[in-house]
Structure formats: C-alpha cells, structure tokens
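> Prediction below, plus the sequence it came from.
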Amino acid sequence: MVYRQRLYDTYFSSNKQFLRDLLPNPKKQDDRNIINLHHAISFWLNEISRTGKVIDVACGAGNILNLLEFVGFTNLYGVDISQEQVNIAHERFPQVICGDAIEYLLQHPNEFVLITAFDILEHFNKEEAFNFLEAINSALVPGGSLILQLPNGDSPFAGGTIYGDLTHEVTYTSVSLKHILLACGFGDVKFQEHGPQPTSLKGVARFGIWGVIRQIIKLIHFIETGGPSTGIYTRVMRAYAVKPS
C-alpha cells in the first residue's frame, strides 16, 4: 500500500510531533506515563524473567522500552518501520532496528519471554492482523507473554483515537480481540482499561471521577440493551495473553 509507506516515512514529524507539541511539558508527561503504566500492568510483569529476551514491536521512540528498563528488564530489543523514530530509540537502545515487524518475528522463533505491541494492531487489516499475531506466537517461548495496547471500539469516546491516525485500519472491542487472539493460538486472555491511575493527587481525583463516569456508561448500556456490557470503556484498552506451554 503506497499511502501507508508515505505516511510512515514522516510518522514522527507529521503525526507524533504534532501531538507532543500540544503538551506543555512533553518530557514530564513521558515520565508520568511510565509511572502510570507501571502501576497498571505491574502484576502482568511480576512473574516474567528480567533476564529473558524481551522485544517491543512498533517501539517508536522507545517509550515502552524505557518502562521495561525501569522495572528491571535487561535484555531489550525493538523493531519499528519508522526510521525517524528508530533513530531516536537507538540513542538509548542499540538493539532497536528499523524493519518489518512480521518478518522480524518470523526470523526469531521461540526467542522472547515477553512481547509488547502497543498501538500497532490497529494499523493492520484483518488478514495482516492474523499474520502479525501468529508471528508473535511463533516468536514467544512456550509460556511467553504478550501485552497489547490499542483503541477500544467499545468506548463511546473512541472516535478521536480511532480516526485520529490515517494509518489505522481495523478497530476491536475486547470481544473481537479475544476472538482473534484465541484463533491465533493464545490463551489466558485478560483485559484492562487504559484509564487514570491513582499515582498522584491529580491522578486520585481523576481515578475517582472516572469510576463514577464508567458506572453511568454501564447504566446507559444496560438501559439500551437490557444486558451486561464488556466493562471496558476507555478509548484505549490493553490486553494480556499467553502462548500455551
């Protein structure tokens, strides 16, 4: 797809940088994001070997690698198709390369104890998504873990996230994402919202207010459908899955 490569060629300077320019203090926000993400997913990371090989797929400028290093992982790799972002990540993480994620994963079978893939699955069409998840499965050691982050099609606020990036192809809910993960050989699938974390006074306030808002959304869903909902309402969600031993 010609349009896709043209967009990725300037993905940082024409997309990511624009969003960063809206922040009053991008570096402070990066640090806060690491603290919040660590608080949210630490229980998924606790049992994973800190010395095993870990790769962040679509690593961008290295934000998730920064988190993984922060919590003690020492054998870190990354791959991204955007040379602009790889150049930034490579300053701190020399084992980051520019390349096609699926090709890279297929060349490294049964190698990684953890694969993180934040904000990438939505960039693939359905056939590519199957190929991507199967490649991840092949690259994980038996019992290895996958952590995904992506837009949540079940959120009433998801539009800006889903349509704010021209390279997005498919949107998932937790139901459809679990379906494709199971079809690609994963098990022990879990989900969580990407919402406020009580790691600061401001975070505590936002966490409490969001708790009220999500109960309202849940009630609206019940009134409309008469049944339960997924309970995942933030515009972005995360998923955890395991390659069976």
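Done, it's in.
> May I see the buried residues of the longest strand along the chain?
What stands out as the longest strand in the chain, according to DSSP state E, is strand 140-151. Buried residues in strand 140-151, counted by 16 or more other CB atoms under 10 Å: 140, 141, 144, 145, 146, 147, 148, 149, 150, 151. C-betas here are computed from N, CA, C, even on glycine.
> try stretch 163-176
165, 168, 170, 171, 172, 173, 174.
> Quick check: the last one touching residue 240?
Which is residue 174. No - contact criterion CB atoms under 8 Å: residue 174 and residue 240 do not qualify, at 11.6 Å.
> Identify the contacts common to the two.
In terms of CB atoms under 8 Å, 6 or more residues apart in numbering, residue 174 and residue 240 are both contacted by the residues residue 191.
> if we can go back for a sec, would you convert the buried residues of stretch 163-176 into CSV that also reports distance to residue 93, secondary structure and pLDDT?
Shown next, in CSV, are these (distance: CB to CB, whole Å; DSSP: H, G, I helix; E, B strand; the rest coil; pLDDT from 0 to 100):
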residue, distance to residue 93, secondary structure, pLDDT
165, 24, coil, 83
168, 26, coil, 91
170, 29, coil, 95
171, 30, coil, 95
172, 28, strand, 96
173, 33, coil, 96
174, 31, helix, 96
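> show me where the protein has helices.
For the chain, the helices defined by DSSP state H cover 2-9, 11, 17-21, 26-45, 63-70, 83-90, 101-106, 126-139, 159-163, 174-183, 201-225.
> Mind putting these into JSON lines with distance to residue 233?
Converted to JSON lines, those look like this (distance: least, CB to CB, whole Å):
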{"stretch": "helix 2-9", "distance to residue 233": "29"}
{"stretch": "helix 11", "distance to residue 233": "28"}
{"stretch": "helix 17-21", "distance to residue 233": "22"}
{"stretch": "helix 26-45", "distance to residue 233": "15"}
{"stretch": "helix 63-70", "distance to residue 233": "23"}
{"stretch": "helix 83-90", "distance to residue 233": "30"}
{"stretch": "helix 101-106", "distance to residue 233": "29"}
{"stretch": "helix 126-139", "distance to residue 233": "23"}
{"stretch": "helix 159-163", "distance to residue 233": "13"}
{"stretch": "helix 174-183", "distance to residue 233": "10"}
{"stretch": "helix 201-225", "distance to residue 233": "5"}
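> Go through those helices and name the closest to residue 116.
helix 63-70 (5.3 Å; CB to CB).
> mean confidence for that closest one?
What helix 63-70 shows for mean pLDDT is 93.
> Show residues contacting it.
If you take CB under 8 Å, 6+ apart as the criterion, helix 63-70 is touched by 30, 33-34, 37-38, 54, 56, 59, 76, 78, 89, 92-93, 96, 114, 116, 118.
> re earlier: so for the longest strand of the chain, mean pLDDT?
On average, strand 140-151 scores 98.
> Show me what it is packed up against.
helix 26-45, strand 112-118, strand 236-242 (3 or more CB pairs under 8 Å, 6 or more residues apart in numbering; DSSP states H and E).
> Now mean pLDDT too, for the ones you listed, in TSV please.
TSV is the format used below for the helices and strands packed on strand 140-151 (pLDDT from 0 to 100):
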stretch	mean pLDDT
helix 26-45	82
strand 112-118	98
strand 236-242	97
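> got TSV for those, with mean neighbour count too?
Putting the helices and strands packed on strand 140-151 into TSV (neighbours: other CB atoms under 10 Å) gives the following:
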stretch	mean neighbour count
helix 26-45	15
strand 112-118	23
strand 236-242	22
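> Tell me which of the ones you listed sits nearest to residue 192.
Closest to residue 192 of the helices and strands packed on strand 140-151, according to CB to CB: strand 236-242, at 5.1 Å.
> now the end-to-end length of stretch 221-230.
10 Å (CA to CA, to the nearest Å).
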